[in-house]
Structure formats: structure tokens, C-alpha cells
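Asker: Would you be able to build a 3D model of this:
(chains A and B)
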Amino acid sequence: MRIMFKFLKSYRASASVALVFMLVELFVELWQPLIIAKIIDEGIMNSDIPFIFKWGAVMLGISLFAFFGGIINSFFAAHVSQSFAFDIRNSLYEKIQSFTYANFTRFPTSSLITRMTNDVTQLQNTVFMGLRIMMRAPLLILGSTIMAFTVNAKLALILTAVIPFLTLFLAWIMKKGGSLFQSVQVKLDGVNSVMRENLTGIRLIKAFLRRNYEGKRFSRANLTLKDETVYALRVMETVNPFLLFFMNICVLVILWLGSELVPTNGAEIGEVVAIVNYAARITSAFSPLSFIIAAFSRARASAGRMAEVFETANEMEDAEGSIHSNREICGDVEFMGVYFEYPDTDRPILQDLSFRVKAGETIAILGATGSGKSTLFQLIPRLYGTTDGNILIDGHDIRSYKQESLRKQIGFVPQEALLFTGTVKENIAWGKQDASLEEIIKAAKAAQIHQTIMKLPKQYEAVLGQKGVNLSGGQKQRLSIARALVRNPKILMLDDSTSALDLKTEAILLKSLKEYKCTTLVITQKISTAAEADSILLLEDGRLLTEGSHDSLLKNSQLYRQIFESQFGEEELEHAQRSV
Amino acid sequence: MLRDLFSPFRYKPILDNSGSNESPLSRNKKPKVKNQQQTLKRLWRYLAVHRIHLILVIAMVIISSVLSLLGPFLAGKSIDHYIVTKESKGILKLLAGLAVIYLFTSVTLFLQNYWMVGIAQNTVSKMRNDLFNHLHKLPIPFFDKRQHGELMSRVTNDIENVSSTLNSSVIQVISSILILIGTISVMLYLSPLLTLLTLIIIPLMYTGMKWITKRTGRLFKIQQRNLGDLNGFIEETISGQRIVKTFSQEKKVIDEFISKNSKLKGAGFWASAYSGFIPKLMNGLNNLSFTVIAAVGGWLAYKGHISIGTIVIFAEYSRQFTRPLNDLANQFNTVLSAIAGAERVFDILDEEEEANDEKNMYDFPYVDGRVEFCEVSFSYEEEGKTISDISFAVSPGETVALVGATGAGKTTIINLLSRFYDADEGSILIDGKEIKKIKREDLRKHMGFVLQDSYLFQGTIRENIRYGRLEASDEEVERAAKLANAHSFIMKTPGQYDTVLKQDGSGISQGQKQLLSIARAILADPSILILDEATSSIDTITELKIQEALQRLMEGRTSFVIAHRLNTIQKADQIIVLSDGQIIERGSHHELLSQKGYYLGLFNSQLRKI
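Answerer: Next up, the predicted model:
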């Protein structure tokens, strides 16, 4: 709940205005019955038309006042609740953007989405409601209790005797409700997650005709969500009847006490009547009160879920005084005894990995599926931190660079070409926001995608769907290469990013990459690509098996020869070995 | 801090109703004309299923209302009979009776809510299921054009609006209407003339409400749409977090987020501000009506048309008239937001399903595997053909390789064959039957796919392989994994076949994902096998091993293979070379080499001497 107050702080003034006008409205509302009584008693009873008109006008006047008060209240309440939610969403999003990769394994995407929309909406509604009606019920209860005391303290005592009990009960139910709604939100995450998987994997589901299977999976998630919600709401719905019964029993006790006290002159009859009336008023405030309790329990659960996000530590915050904050790098990369395992696992992915790439050199990384190539790549822009060992760039530990300035100089092309909804131009300009059209075209040309783009209906302004669905695999890959090239990176990293390209295009592309003066790391399956590199790293099960040029590996490495043979056949292998 | 006081006046009015926030791709879709009443009617259809429970709820509302009137009445009696007379004997009996009534009041109150929660959540849950099931009937292009997060928002945020309204509003509305009817009847009984006077506020109320709801209805809808939009943006940028991070574009996405978020805030502000006006308006109008009654009544009494006592009682009642009206007015807001949510759910439910209703559908129990493309043309967009005039024939059991530069139309041919899309022109025949006349499900039942994006689900490795054939035994799953060369890496994972893959199959490498996809297709044991870049991320040594398995798999089945590494397709019976959506060469490996065309060039580039 602390989050709520933290974010409400900046809207103290507006919230106060909303509350003040709510009080004005409340005041007018309480005053109205008095005026009505006056009109009835003095005006109508005496058929005093001018009196009726006079007080009728007064009543219209104050109700007009209340009307405007109410409008101002709702205006400010809307402003506070909307801005409050706006701020929370922004902070949540900013926080998530600062997450490390490891943090994301803790929160599935679908859950983060629910937290940022559904949970925030819960809070927003509670704040809006709070500013408009929250204070009413407690004020009414408090006022009535005080009034009861002034009438007859002895009889009213029973009302106060209830208060500690009530407070305890409400505190307990709020806590209970909080944990119930917490699990409702978790189940909502579940529904959201199945939904997301189905949207992402729709082709596969259709291809394998798994509609019914997925339908069952979804209804299961949906059913548990329903059951949790029903249970939570039903528990909350016991509050009102329970309070009501309790309060009514109090009335009975008052009546009984009254019947005992009145004959002995311990109380006046009128007093008994008045106190019973006040008790009735308190009772009538319970219905909104229990509604508020339910809303707060829900808000509490949602606030807790947000706090979880906010409190997640980012292990990879920049070190204090990152010395090389804005240094331009040359692109010399060195791994020194690097070990790595993914968080929460104990299976080493990389072991004792050491190698060096000099600035401007091209290095190719080969290895079997699952040998750790992509993992190695992720360490350089610090998507993950190493478990042990150091990675140096230009001789300085990468942890001494500011993440942003480091990543700015790296052009990363991931294995799956991730594109975003938007135009082709926007997607390339991801690499460099202020890129001019010339720069974009230059990158596109180098990535061998310019001609394809020019054939699109709107060329660079053509709109791509989510994840670039309307492009072929190879087109997506080339766009994502263009995106990396547009920033003129010092270090270019290609993670098997040409797998969907035909060899001809690939060869031209690789050639044009040479015009970019940068250190290039290429993960590849193809000997033909690797052979062009200055040096080749051969990985096996997370270890560096051997390193060297194409020729020397051909001579010295059994595995390399096997790979060569798998691609070119025995004859070629013999031929190549002879020529070395 | 004080500056904040002026900010509520800085919200820009929202004039735009054209849906500028919607994905530009869906902009060409015609807006559906719909109104709130229709949406309400549809919602009612969902609720009506629970008619019996609803009647129970209404019965409980009536009983609890009567009981809650009876309680104070008897309490008053006890004062009159026992306290005023100072004769307390027997009061305990009456009080005990009262206690029973109070107990029943609480019980009926609890029961009405208890049942209502059940009705509401069952309704909402049904809506979610309907939405989900309908989504699966929609054609692939629908998904290609939408942001996933936007669709997700409809299942969570929009339905949430409906849910919270049904939970609380239905009972409130019912009880308010009951009280209103009761009050009006008494008023009519007392003085029809004054009642008519009271009702003069109704046209005013109607006008006022109309003015407000015209705005809020639209604003709520915009708000929900903006929320969906934001949801879409969040989903996309979090899924693409790797790119955001490696390109250090956190600031850019945050800025974009803020701008979408402030759109949501703007719509939300006006929606809640306007809807906040409703109760205030009702209150004002009620006071007006009371004043009129008092004045006219006073005058009537003065003239001697009615008794003063009548006016007094009547005035009291007209005051009571206010409360249920106010409650109703308050419920109006939540109902409006529910309508906005429901409308967005119904929008999807109204999306056209994959065209399948053609008559004279063929039965398709068994497939030989003869495939023919006859002058097939297709384009994804309106202009520019992706493929044109494609014709070829494949005999049962043959293997066809599709070769060509990226974007030449290879995957498109697969998309058409499996009816993810339908051809614009020409026809595709399987065993001589036009596939447009075969149900998609029947068609795909005979096909096994390894798609370009090897998508895996959250779940164990075993479950993911078994996706190919749900009834497969554990042994069969393992056999398929062994054939696909996935077994050895699976055994190295901590839980082996029971290792849980996280969302989007993260935790294993891209190549390993492909191995699992191949195992999945092997398990499916289809008549027609489709391999679209099935081994592109797999190292070539492993690939060679799988190749043997695939070769065995392809024997006796019609197979379509897309691959860039030509050595994997040399054994194909037929190689089709595509360029810019047209077939430029075709034949076996050796035939093509001797044609000395495009294929030879490709082949040489791969075998270029190093």
C-alpha cells in the first residue's frame, strides 16, 4: 500500500481540493433534510407560500452549490486518479526497462503486462472512488456515534464497545481479502499467459490442429481464475451481512437496556429512539463501507504485485563512477577465463573461455547446437553478467563501462530477427534514432535489402506487422542486419543471422560488411563463412576446443574436418587438405 | 505542488473518434456500426443462461428489502409497546423475534450476493472461453495484422470491466428499481397530480443523461482502446527486450510508452470526469423536484385541494425517491464502462471466421499425396504479387525442394498448400481435389510441419514433442526424439524429458528448438511432410545425422522441403527454383546442373573453392 501513497504524494493539492469539495457536498447533503423539515413544518403546515418559495430558493441555491462542488470534486478526483495511474505505469515501465535479462526469467511477460494494466487499473479505480465516496461512510459512522454519545452516554456505550471488535474484524478481512485477490491476479496471469502463447504460436496450433487441446488448456486456466474470483468475492460478500447482523443485535441490546433503564429513569424515551435512529444510520453506512473494504483489499493485492516489480534489484546497475563512461572504443575484445551459468541453474554453459579479438578483426564462432555460442554473445553487451572471469574491451573490464555507452557501440543481430510494429524505416532507425534517410539507405544497401524494400508498395514507409510477420525469414534477417549497421558499430555481432539467406546473397552481404570498419564476431554453421574470418573459434560443450585460421584448423582439428566434410563431402575435404 | 491544481484544466478535449490509435494495418477495415443497446442485449443473452439463479437473486432482493423494512417497524413497535409503557415484560420475546428477522435479513443479503457472484463470474468466464475459441477460428491474416498484446487486453482488461459491473451493479440496479417502483406507487396513491409533478424531472434527467452518456460511452471506448494499444506496446517491447537492450533503446521505448500512456490518461480523465457528473446531476434535479412539489403542494393546500398531511407525507416520499435514483445513476457509469469492454469483446466475436462454409466439401479420410498447383497467384498486400502463375505437379511419395532467393515465394507456397492463406487465382489440388473444398482441419490432419519459427510452448520437453500426436506413448516420444537427434541433449538437461521449458522456449538454443520441432513432426507421422528451413540453425554435423532420419521419414510421403544448403536437397525428386514469385527452373539436381542456369550458379557459390 505504501506505493499508493508514494505516488499520490505529488497530487496532494488536487486530492485535497477533491476531498474538500466532497466535504462541501456532504455538508450540503446533511443540511438539506433540515431545510426540507423547515419547509414542511413552517411552510406547508402553515400554507405560507412566500416562506416555501424563500426556503425553496435557498435549497435550490445550495443544491446548485453542491452540484458545482460535486463537479469540481469529480474533475479533480479524475485528474488525481488518472495522473496517479499514469505515473505508476510510467515508473513500472521504466523499471522494467532497467531489468536485467535474469530479472525477466522471474516475471513472465504475461505477468508483467497484467501488472502494468490490470493491476494499475485496480489501484486507479480505488483512488477515484476513494476521493469521491471513501470518507463518507467512516464520517457518517463517526458522526453518528458522537451524536449518540451526546444524547445518552450510557446507552451509547454499547456502540463504542463494538468499535475495537469492528476494527479487528475489518483489519482481518482486509488482510484475508488481500491474499485472496493476490491469487486472483496470479490466475489472471495464467490466463494471459495461455492467451499470449496461443497468439504467438497460432500457426503451429493451426498446423497441428490443436485447437481443442489449446481450448482445453485455456478453459482450465479460465476455470481456476473463475473459481478463485468467485471464492474471493464471496468471502468479501460476507462482510456486509455480518456487520449488519452484528449492528442489528446492538440495536436489540439498546432496546433491551432501554426497557430496563426507562422505568428507573436512567434514560428518556426520546433518547432511546434517537440512539436507535443513529444506530440505524450507522448500519446504512455499512454497505458502502464493505464495498470500500473489498476495493482496498483488491488494491492492496495489486499494490503488492507492483512492489514486487519495483523492489527487484538490478544486479547489473552501472558500477559507481564507471570510469569509461562515454569513451569511444576501438573494438578490441578479450575473454579471460569466463565461466557462465544461467541464473537459478547449476549447469555451466561456458567454461574457462579465453580468447582475444583485435580491433577490426573478424572472428567466426563454430560449434554444435547448444555448445554455448549464443550465450557467449549475450555476455558482450552485458545482457547477462559472467559467473566468473572477465571480459575486457580495449583492455578494460566491461563492467567499468556504462552499459548504455557500451551497447551504443555494439551492433547486435540476434538469431531470431525480432522486428517491431512500424515502418521499415522506423525499424532500421532503431539502431540509430537520428539516422538520416541516406544513412538508413546505406545500411539497407549493405544488408542487401534495399532492392527488396524498393519493391514494397510504400518502400521505406511500408508498415510491418507485429514481429515483422509480413516478411520472409531472410528479409527479416537482412532488416535486422541493416538495423545493426546503421549505427556504425565498433563491434558487430552476427548470431547466425544469415541462415535464411541464400548463399549468393549471403556472400555479397558478407563482402559489403567489410566496408564497415569494425570488429566482427560471427556465429555461423557454414565453413564458407568461417573461412573468410581472420580466426575461427571452435566451441564444444561450452569450452573452447581450438582456435585458429581456416587452414590451420583444417590441419589440426578433427572436429573442424568433420564439419567441413559434412558440408562439402569427402572429395572436397581431401582436395582442401592437399592445398593447405 | 500548487501548479498541480491547474492541471485538471489542461486536458485537451478528445475530439478524435476515428480510431487513430488502431494499428494502421487494420485501418482499411470498415468501422462497425453498433450501439450500446445492441451490446446490452448481447450481454443479456449471456446472462439469460443463468435465468433460474437470476430469479433466485431477485427473490432474495425482494425478501431482504421487505425484511429490512419489517425490522425497523418491529423495533418501533417495541418502543411503543414496552418502553413507552414502561412495561418491559415480554420485550425479550419480541426482541428474540426481531433477532430472527435480522438473521434472515443478513442471510438473504448474503445469498443474493453469493449467487450473483456465481452468475457474474460464470458469464464472464463463458465470454472468455468464447473469445478464445473464436480466435482459433479466425484466419491467419487476422493475427498477422494485430498486436498480440492488444488482443490480450480484451481477454483481461475489457472483460474485467464487464466482470466488476456484473458483480455489484445488477443487484444494485434491481433493488433500486424495486424501491423506485414501491415509492412511486405510494406517491401515486397519495396524489397522482403531485406525482406527475415529481416526474417532470424525468425528461430533464433523460436529456442530461443523454448528453453525458453520449460522451462517456465514446470516451470509455476510446479509453479501452488506448489501454489495449498500450498493452500491445508493452507486450511487443518486452518480447523484444533483447533488441531494446542491445541497442540501448530504453529511452526511445520509454518515450513512446509515455506518449501512449498519456493518450490513455487523457481519455481516462474525460471518461471518469464526465461519468462523475451523473450523480451530481441527479441530486440537483431531485432537489429541484422537491422544491417544485413543496411550492405547488403548498399552493394546492392553500387553495384547499389537498390536505396538508398529504403534502407532508408526500414530501417525505419524494425525498426517499432520491436515494434509489442516485444509486441507479451511480451504477450507470460502471454499466457504461462494461458496455465499452463488452463491445470490444464482441468486435472480435464478430470477426469473420475462416471461410469454410462452402457446400459440397470433400471428405478427406485418406491421402495418396498427389499435389498439383495450377496457375496459382497470390499476394499478401493489395498490390504486387508475391507469387504468380505457379504450376507444378508432385506424384505421391515424391520429394520436392523449393529453392530460391529470400522473398522468392517459397514459404508462400507452403502457406497456400496448408491453407493458412487461400490463393487469389488458380487452384491447388490434392489427390485431384480442390483444397478450397476440403476443410482446413481435414487437410492439415494429413500434413506434418516443421515451420521456420520453431515455436515451443511453456511445458515439459515431452509435452512439446507430444504436441505432434497427443496420444503418443512415452516410448514413441523418445523414439521420435532419437530420430531427430534430440535425445542426447534432452538427457543432458536437468529434468531430461520432464525439463520444463520457459516461455517462448527460452533456456534452450535455437538449434535445439529445431531438433524438438523435427521430433514433433516425426511423431505426427503425416502423409504430407513440410519442412521449411527445418535445420537452418543446426550445425552441419548434426544436420547430416538428421538428414538420414528425415530421408527415411520422407520415403513414401509427399514432402516439401525448403532449404538453403543445397547438399540437403540434392536427393529430391524434383527441385523447383523460384525467383520473384515465378518458377524459373525445375528438374532433378543433375538436370538442373546441366541446364547451367540459376541453380548451377547457386551450387557453385556454395562449393566455391576456398
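Asker: Quick check: phi and psi at residue B:374.
Answerer: phi -120, psi 110 (degrees, to the nearest 10).
Asker: what's the burial count for it?
Answerer: Residues lying near residue B:374 (other C-beta atoms under 10 Å in any protein chain shown) number 16. (C-beta placed from N, C-alpha, C; glycine too.)
Asker: From chain A, how far off is it?
Answerer: From residue B:374 across to chain A, the span is 24 Å (C-beta to the nearest C-beta, to the nearest Å).
Asker: Tell me if I'm right that that residue and residue B:425 touch.
Answerer: No. Counting by C-beta atoms under 8 Å, residue B:374 sits too far from residue B:425 to count as a contact (9.7 Å).
Asker: got the phi/psi numbers for whatever residue of the stretch 301-450 of chain A ends up closest to chain B?
Answerer: Here the stretch 301-450 of chain A gets closest to chain B at one residue, residue A:369, 3.0 Å apart by C-beta to the nearest C-beta. Per-residue torsions, residue A:369: phi -60, psi 130 (degrees, to the nearest 10).
Asker: Pull the contacting residues for it.
Answerer: When contacts are counted by C-beta atoms under 8 Å, 6 or more residues apart in numbering or on different chains, residue A:369 touches B:489, B:509, B:511-512, B:514-515, B:537-539, B:542.
Asker: Return the subset of these lying in helices.
Answerer: B:489, B:511-512, B:514-515, B:542 (DSSP state H).
Asker: now, which of those sits nearest residue A:453?
Answerer: residue B:514 (28.4 Å; C-beta to C-beta).
Asker: List the residues that contact the closest one.
Answerer: Counted by C-beta under 8 Å, 6+ apart, residue B:514 has contacts A:369, B:450, B:454, B:534-538.
Asker: what about the residue of the stretch 301-450 of chain B found nearest chain A, helix or strand, and which?
Answerer: Minimum separation of the stretch 301-450 of chain B from chain A (C-beta to the nearest C-beta) falls at residue B:406, amounting to 2.4 Å. Using DSSP states H and E, residue B:406 sits within no helix or strand.
Asker: Now do the helices in the stretch 501-610 of chain B.
Answerer: B:510-524, B:540-554, B:589-595, B:598-606 (DSSP state H, counting those that start in this stretch).
Asker: from what I can see residue A:429 touches residue A:485, true?
Answerer: No. Here residue A:429 does not reach residue A:485: they are 11.9 Å apart, not a contact under C-beta under 8 Å.
Asker: hey, where'd the strands end up in the stretch 401-550 of chain A?
Answerer: A:410-413, A:422-423, A:463-464, A:491-495, A:519-523, A:535-540, A:543-548 (DSSP state E, counting those that start in this stretch).
Asker: just to revisit the earlier point, for the ones in helices among the contacts of residue A:369, pick the one with the most neighbours.
Answerer: Ranking those using other C-beta under 10 Å puts residue B:515 first, with 29 neighbours.
Asker: Residue B:116: what secondary structure?
Answerer: What DSSP: H, G, I helix; E, B strand; the rest coil gives for residue B:116 is helix.
Asker: Return the residues in contact with residue A:217.
Answerer: Counting by C-beta under 8 Å, 6+ apart, residue A:217 has contacts residue A:194.
Asker: so it is in which element?
Answerer: Since the elements are taken from DSSP H and E, residue A:217 ends up inside helix A:211-237.
Asker: Okay, domains of chain A per the record?
Answerer: A:1-127, A:135-312, A:333-409+A:489-579, A:418-473 (automatic domain parsing).
Asker: would you turn those domains into TSV with distance to residue B:78 and mean pLDDT?
Answerer: Formatted as TSV, those follow (distance: least, C-beta to C-beta, whole Å; pLDDT from 0 to 100):
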stretch	distance to residue B:78	mean pLDDT
domain A:1-127	25	82
domain A:135-312	6	82
domain A:333-409+A:489-579	68	81
domain A:418-473	70	78
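Asker: Output the ones you listed as JSON lines; include the columns distance to residue B:458.
Answerer: Putting the domains of chain A into JSON lines (distance: least, C-beta to C-beta, whole Å) gives the following:
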{"stretch": "domain A:1-127", "distance to residue B:458": "8"}
{"stretch": "domain A:135-312", "distance to residue B:458": "6"}
{"stretch": "domain A:333-409+A:489-579", "distance to residue B:458": "16"}
{"stretch": "domain A:418-473", "distance to residue B:458": "18"}
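Asker: circling back: among the ones in helices among the contacts of residue A:369, find me the one that's closest to chain A.
Answerer: Nearest member of the ones in helices among the contacts of residue A:369 to chain A, counting by C-beta to the nearest C-beta, is residue B:511, at 3.0 Å.
Asker: Next, the contact list for the residue nearest to residue B:549 when sequence neighbours are not counted, please.
Answerer: Leaving aside its chain neighbours, residue B:549 sits nearest to residue B:483 (4.4 Å; criterion: C-beta to C-beta, 6 or more residues apart in numbering or on different chains). Contacts for residue B:483 (C-beta under 8 Å, 6+ apart) come out as B:519, B:522, B:549, B:552-553.
Asker: quick one on the thing from earlier: now the two most distant members of the ones in helices among the contacts of residue A:369.
Answerer: B:489 and B:514 (11.5 Å).
Asker: so how many other residues sit close to the residue of the stretch 401-550 of chain A found nearest chain B?
Answerer: Closest to chain B within the stretch 401-550 of chain A is residue A:474: 2.4 Å, counting by C-beta to the nearest C-beta. Residues lying near residue A:474 (other C-beta under 10 Å) number 28.
Asker: wait, isn't it in contact with residue A:504?
Answerer: No. Taking C-beta under 8 Å as the definition, residue A:474 is not a contact partner of residue A:504, at 11.5 Å.
Asker: So what's the gap between the helix or strand hosting residue B:441 and the chain middle?
Answerer: Residue B:441 is located in helix B:440-445, with elements delineated by DSSP H and E. Here helix B:440-445 is found 25 Å from its chain centre; the criterion is C-alpha atoms, centre = their mean, to the nearest Å.
Asker: if we can go back for a sec, among residue A:429 and residue A:485, which residue is more densely surrounded?
Answerer: When neighbours are counted by other C-beta under 10 Å, residue A:429 and residue A:485 differ, and residue A:485 comes out ahead with 28 against 24.
Asker: what's the closest non-adjacent residue to that one?
Answerer: residue A:443 (4.1 Å).
Asker: so what's the one you found up against?
Answerer: Residue A:443 sits in contact with A:428, A:431, A:435, A:482-483, A:485-486, where contact means C-beta under 8 Å, 6+ apart.
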